[in-house]
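A.B. asks: Fold the following.
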Amino acid sequence: MGEPDAHREITTAREAADDALVLAFGRLQGAAGRLEYILGRRIEEECGISHLMFEVLLILGRAGEPGLSMRAIGQEQVLSTGGATRLVDRMEAAGLVRRVTDPDDRRGRLVTLTPRGEETAVRASRLHVENIKRYFLEPLPATHRERFMEDLRILSHAARDSLPLLP
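C.D. replies: You can find the predicted model right below:
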């Protein structure tokens, strides 16, 4: 495979399809998509919430009190404010979150976990951790796991920092 920076210029569609960097990124996307499907289905089946709802529960759990604005939730999940609002509407109807007045801006509203949302986040996280071990870590050699997780953190932060802020 060689050094990724040392590959030759792509001049045909076949070379594009067989390019080491293109293949590596495609494998990353494929693995992420398949893992998200597998792990998301487990959360849906066992906890009755979508993977995206679970992610929002985690974001709110991390934020703590007094909660987060719709804009902040949208930016964390790369959703428009309208998309975040529709998702939070569904989560509120399910009793997982509630909207509260922003203590710093009486006109503003923040989203925070309900006790049911907290319990669901804990239950889903316990299941999720077991599935992550099974489907994400166990296939990798034990000696690579810690470095792999650190590399993913670096990539995630670099990609996040390159995104434009959503309106």
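
A.B. asks: Which positions in the longest helix seen in the chain come out as buried?
C.D. replies: Criterion DSSP state H: the longest helix present in the chain is helix 20-47. Buried positions in helix 20-47, judged by neighbour count with 16 or more other C-beta atoms under 10 Å: Leu39, Gly40, Arg42, Ile43, Cys47. Using the backbone N, CA and C atoms, a C-beta is placed for each residue, glycine as well.

A.B. asks: Same question for stretch 110-124.
C.D. replies: Leu110, Val111, Thr112, Leu113, Thr114, Gly117, Thr120, Ala121, Ala124.

A.B. asks: just for this structure, where's the confidence low?
C.D. replies: 1-7, 78, 166-167 (pLDDT under 70).

A.B. asks: Which residue lies nearest the spatial centre of it?
C.D. replies: Nearest to the mean C-alpha position of the chain, by C-alpha atoms, centre = their mean, lies Glu55 at 5.9 Å.

A.B. asks: Secondary structure element for that residue, which one?
C.D. replies: helix 51-63 (DSSP states H and E).

A.B. asks: what do you get for Leu155?
C.D. replies: Using DSSP H and E, Leu155 falls within helix 145-162.

A.B. asks: what distance separates the longest strand along the chain from the centre of its chain?
C.D. replies: When the chain is parsed with DSSP state E, its longest strand is strand 105-113. Put simply, strand 105-113 sits 23 Å off its chain's centre (C-alpha atoms, centre = their mean, to the nearest Å).

A.B. asks: Quick one: name whatever helix or strand follows that strand.
C.D. replies: helix 115-132.

A.B. asks: Tell me which residues touch the residue nearest to the centre of the chain, please.
C.D. replies: By C-beta atoms under 8 Å, 6 or more residues apart in numbering, Glu55 lies in contact with Gln77.

A.B. asks: Looking at the buried residues of helix 20-47, which one is closest to Leu28?
C.D. replies: Nearest to Leu28 among these: Leu39, at 16.0 Å, using C-beta to C-beta.

A.B. asks: how many other residues sit next to the nearest residue to that closest one once chain neighbours are set aside?
C.D. replies: Take Leu39 and drop its neighbours on the chain: the residue closest to it by C-beta to C-beta, 6 or more residues apart in numbering is Asn131, 5.1 Å away. Residues contacting Asn131 under the criterion other C-beta atoms under 10 Å number 18.

A.B. asks: pretty sure Thr143 is in a strand, no?
C.D. replies: No: counting by DSSP: H, G, I helix; E, B strand; the rest coil, one finds Thr143 to be coil, located in no strand.

A.B. asks: What about it, how many residues nearby?
C.D. replies: 7.

A.B. asks: Return the residues in contact with it.
C.D. replies: With C-beta under 8 Å, 6+ apart, Thr143 has no contacts at all.
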